[in-house]
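[1] Pasting the sequence and the predicted model now:
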2 protein chains.
Amino acid sequence: MNRGDSEAYLAKKQFYDTLLTIYGRKPVLEALQLSGIRVHRLHVAESNKPAGILTEIHQLASQHGAEICHHSRSALSRISKNSKQDQGVAVDLICPGFTTFDQFLDSADQPQSDLLALDGITNPQNLGMIIRSACAGNISGILLPAKGCAQIDPLVIKASAGTVFRAPIIRISGSLEDALGRFKQRGYAVVGLSSHAQRTLGDCPHGKQVFVLGNETKGVSKTVETQCDRWVKIPMNNGVESLNVAVTAALIAFRRH
Amino acid sequence: MNRGDSEAYLAKKQFYDTLLTIYGRKPVLEALQLSGIRVHRLHVAESNKPAGILTEIHQLASQHGAEICHHSRSALSRISKNSKQDQGVAVDLICPGFTTFDQFLDSADQPQSDLLALDGITNPQNLGMIIRSACAGNISGILLPAKGCAQIDPLVIKASAGTVFRAPIIRISGSLEDALGRFKQRGYAVVGLSSHAQRTLGDCPHGKQVFVLGNETKGVSKTVETQCDRWVKIPMNNGVESLNVAVTAALIAFRRH
């Protein structure tokens, strides 16, 4: 490829990395009904039989100015990556804040501030709230692994109050521990939260840090735990042992500068 | 009454004010299954026909050392205050952090720190999370009106991670605006949150303050709004307009001293 072609290719790839694909008739309809979304393409299977919900989906997609693409059943499966649940419909939403792990690390103007890493956040409500608080607060990236966490679906979008479409979400296709390892090589400190820690969140300096948020019940996983450089606690009264994970995320995102 | 009798009466009244009555078979069963609860009395209607769930409720109540009281159907209705939904069962849980508005204001050692006032928090999940964060953070009382808010039921208890039983909850039988008026007479400032405010939450001095948290959709009600002495905002990035109300509560509860 010549230089112009390479640049065009990269721009296109970066654009595709900002797309969030939602599938299934009701989820797609609900996504299209959200305010503030931008729709790239609606994908439908040629084999779909007429249905009221499909008419509604088509109308909404057109109102959003989306391109409407008809595919064979097998081609649609490759787009949705879930032929069992796509019901012949998928939609690509444009999320300008989305980036991939490699893009983020390769970017010349890497932010110097706090990141969040999500390690097994399985409750969609919590994921949505974390995204909302992180987007509103001082977090320059949310590391979201493809496996082990709730994925961004209409429930999460709703709980995020639509901030998913603006939030700086770094999608990780491999394992979170490997991603954290690479962040460490770039000078980031990986920080875990533990009620047994000596230092408090308030003592933490600001800088290149990744705060790990663990599963709602089990906490941080063993493999991710080994990547933590230090541990901090949030001091609590009345014998309370833990906070909701979305609340913890907010306290990190809004700690004083 | 002589002095001894008065003191005994007052002690008894104060104890009764710490009781939380839950009614309905499934809610009572779920409450009895929670860890860390203390049960005062199980109330059952004499007219109840044998049922598996009632046997289970009786067994759990006995394990908790609760007194089991049998009542006529009409007497039970007076205890549950909801004859349509009590299904012949109610339970009194002991919540040592509960107090009434009058008791709190009359108390000689009134705390000098922040309070929260809940104005139309209707989502049980949010109410539970607010209680959990307030209990863990630096909040000396949560004003919970009997009307307009979700009431404490098993859903709320679960979302609070059981902290309801330790949280400093001030129960208000009348209107919230009247209660706030009386707090103002005692030197408390009433503070509302608004994205249009000039001052930020971080600028707020610590002291006798009641922070008002409004309804999830409609915000602070008109009548309560008029009681606010000042307004503060939480500065947000990326054009985010608001935070989840439970997150806002946590940011108030954990702001730096």
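    Yep, that arrived. Numbering: from 1, shown residues only, chains lettered A, B, ... in the order given.
[2] Would you mind listing what in the stretch 151-257 of chain A touches chain B?
    Residues of the stretch 151-257 of chain A lying near chain B by Cβ under 8 Å from any Cβ of the partner chain: A:161, A:163, A:166-167, A:202, A:234, A:236-240, A:242-244, A:246-247, A:250-251, A:254, A:256. Every residue, glycine included, has its C-beta placed from N, CA and C.
[3] Contacts made by the lengthiest helix in chain A with the rest, please.
    For chain A, the longest helix by residue count, based on DSSP state H, is helix A:3-17. Residues outside helix A:3-17 that contact it (Cβ atoms under 8 Å, 6 or more residues apart in numbering or on different chains): A:Met1, A:Phe98, A:Thr99, A:Thr100, A:Gln103, A:Arg171.
[4] Isn't A:Leu251 up against B:Ala250?
    Yes: counting by Cβ atoms under 8 Å, B:Ala250 is a contact partner of A:Leu251 at 6.3 Å.
[5] Touching both of these two, which residues are there?
    A:Leu243.
[6] So, low pLDDT: which residues of the stretch 1-150 of chain A?
    Filtered on pLDDT under 70, the stretch 1-150 of chain A yields the residue ranges A:1, A:108.
[7] Could you rerun that using 90?
    A:1-18, A:27, A:30-31, A:33-37, A:81-82, A:95-97, A:100-113 (pLDDT under 90).
[8] Which parts of the stretch 51-200 of chain A are helices?
    A:52-63, A:73-80, A:101-106, A:124-136, A:154-159, A:176-185 (DSSP state H, counting those that start in this stretch).
[9] right, and those - which one's nearest A:Leu34?
    If you check each of the helices of the stretch 51-200 of chain A against A:Leu34 by Cβ to Cβ, helix A:154-159 wins as the nearest, at 6.2 Å.
[10] outside of that closest one, which residues touch it?
    Applying Cβ under 8 Å, 6+ apart, the set of residues contacting helix A:154-159 is A:22, A:27, A:30-31, A:34, A:124-129, A:131-132, A:150, A:164.
[11] how far does it sit from the chain's center?
    12 Å (Cα atoms, centre = their mean, to the nearest Å).
[12] CA atoms only: put the longest helix of chain A into CSV for me.
    What follows is helix A:3-17, C-alpha atoms only, in CSV (Å, rounded to 0.1, in the frame of the first residue of the first chain):
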residue,chain,number,x,y,z
ARG,A,3,1.1,6.1,2.1
GLY,A,4,-2.3,7.5,1.2
ASP,A,5,-3.8,4.0,1.1
SER,A,6,-2.3,3.1,4.5
GLU,A,7,-3.7,6.2,6.1
ALA,A,8,-7.1,5.6,4.6
TYR,A,9,-6.9,2.0,5.8
LEU,A,10,-5.9,3.0,9.3
ALA,A,11,-8.6,5.6,9.5
LYS,A,12,-11.2,3.0,8.4
LYS,A,13,-9.9,0.5,10.9
GLN,A,14,-10.0,3.1,13.7
PHE,A,15,-13.6,3.9,12.7
TYR,A,16,-14.6,0.3,12.8
ASP,A,17,-13.1,-0.1,16.2
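[13] And the next helix or strand past that helix?
    Next helix or strand after helix A:3-17 toward the C-terminus (DSSP states H and E): strand A:19-23.
[14] quick revisit: more crowded one of A:Leu251 and B:Ala250?
    Per other Cβ atoms under 10 Å in any protein chain shown, whichever of A:Leu251 and B:Ala250 has more neighbours is B:Ala250, with 31 against 23.
[15] touching chain A at all, the helix or strand hosting that one?
    Following DSSP H and E, one finds B:Ala250 within helix B:245-253. Yes: interface with chain A: helix B:245-253 contributes B:Ala246, B:Val247, B:Ala250, B:Leu251 (Cβ under 8 Å from any Cβ).
[16] which among the residues of the stretch 151-257 of chain A next to chain B end up buried?
    Buried members of these, counted by 16 or more other Cβ atoms under 10 Å in any protein chain shown: A:161, A:163, A:166-167, A:234, A:236, A:240, A:242-244, A:246-247, A:250-251, A:254.
[17] Of these, which pair is most distant in space?
    A:Arg166 and A:Val240 (32.4 Å).
[18] pull the CA atoms of stretch A:26-43 into CSV?
    Extracted C-alpha coordinates of stretch A:26-43, given in CSV (Å, rounded to 0.1, in the frame of the first residue of the first chain):
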residue,chain,number,x,y,z
LYS,A,26,-35.8,-6.4,21.1
PRO,A,27,-32.3,-5.3,22.0
VAL,A,28,-31.8,-3.6,18.6
LEU,A,29,-35.2,-1.9,18.9
GLU,A,30,-34.4,-0.6,22.4
ALA,A,31,-31.0,0.6,21.3
LEU,A,32,-32.6,2.5,18.4
GLN,A,33,-35.1,4.1,20.8
LEU,A,34,-32.3,5.6,23.0
SER,A,35,-31.7,9.3,22.7
GLY,A,36,-28.3,10.6,21.6
ILE,A,37,-27.2,7.5,19.7
ARG,A,38,-25.5,7.5,16.3
VAL,A,39,-26.3,4.5,14.0
HIS,A,40,-23.9,3.4,11.3
ARG,A,41,-25.6,0.4,9.8
LEU,A,42,-28.6,-1.9,10.3
HIS,A,43,-28.0,-5.5,9.2
